[in-house]
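Asks: no sequence for this one, just the structure:
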């Protein structure tokens, strides 16, 4: 089953260069019917082209999207905590908390913000879906800026830890996003970036039917391309982890566990986590 995606309405679109290297040399990669991904001939990055303009794209993130986020927040929260577990978060949390605040970009209903706040962090969220943000503000008492990150008036060096879970593949300008994240971090601060892994087993096997080949994903990253992007913004990569060998229903139970274990060991998981430092 594919990840939830809003059905695009009439939208303007524009031809774009590769967001990773700037090249206009590309070839078809995945044809998904009403939209398609192209692959850069120079660096290999896969992205939607033509790409919807942002003013139209942001209209997708409304009531239906909020319902999806609200219904799945428990599972998403569990997965995010597992990601932090992979990078041994309790061992360095105390020092990071003393250095600055926690920023969750694409914080949805604020579940992770609430958790960090309960652990003594100063927290801030950013969320483009107004319904999700207002729900988090109202029910969880956490501060959430409603809109894209570039419209938020945060001072440089305001945060010691920034979290972006399943966010970077949605934004038109991932390089600009990472540059902004870099400036917002204190020296020595870290960011946790989670995104689907185009180099994973599921993506390679399922191709257009891969669950992350959806209209809301403007980019399909693999490890090499995302590594290039984060380094270009000035980050040092601390660790990269992947998880998810095959989704439930795609493999018998006796095969799923060894594939899931192998995905963590050998890096062919369906989702990847980059832990990077300024």
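Replies: On my side now, so go ahead. All of these numbers come straight from a predicted model, not from anything done at the bench.

Asks: which element, helix or strand, includes residue 187?
Replies: strand 185-196 (DSSP states H and E).

Asks: just the residues contacting the helix or strand just after that strand, thanks.
Replies: Sequence order places helix 201-206 as the next helix or strand after strand 185-196, per DSSP H and E. Contact with helix 201-206 is made by 196-197, 210-212, 220, 244-247, 250, 259, 263, 268-270, as judged by C-beta atoms under 8 Å, 6 or more residues apart in numbering. Any C-beta I mention is one placed from the backbone N, CA and C, and that applies to glycine too.

Asks: quick check on those residues: which are buried?
Replies: 196-197, 210-212, 220, 244-246, 250, 259, 263, 268-270 (16 or more other C-beta atoms under 10 Å).

Asks: where's the dip in pLDDT among these?
Replies: Across the buried ones among the contacts of helix 201-206, the smallest pLDDT goes to residue 250, namely 80.

Asks: over to that residue. Which of the three states is it?
Replies: Residue 250 falls in the coil class when you classify it by DSSP: H, G, I helix; E, B strand; the rest coil.

Asks: dump the residue contacts of it.
Replies: Applying C-beta under 8 Å, 6+ apart to residue 250 gives the contacts residue 202.

Asks: can you give me the strands in this protein?
Replies: If DSSP state E is used as the criterion, the strands of the chain fall at 13-14, 26-31, 36-40, 46-48, 51-52, 101-105, 123-127, 144-146, 159-165, 185-196, 219-220, 236-243, 271-277.

Asks: now render these as TSV, adding distance to residue 175.
Replies: Below are the strands of the chain laid out as TSV (distance: least, C-beta to C-beta, whole Å):
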stretch	distance to residue 175
strand 13-14	17
strand 26-31	17
strand 36-40	13
strand 46-48	12
strand 51-52	14
strand 101-105	15
strand 123-127	18
strand 144-146	21
strand 159-165	14
strand 185-196	13
strand 219-220	11
strand 236-243	16
strand 271-277	14
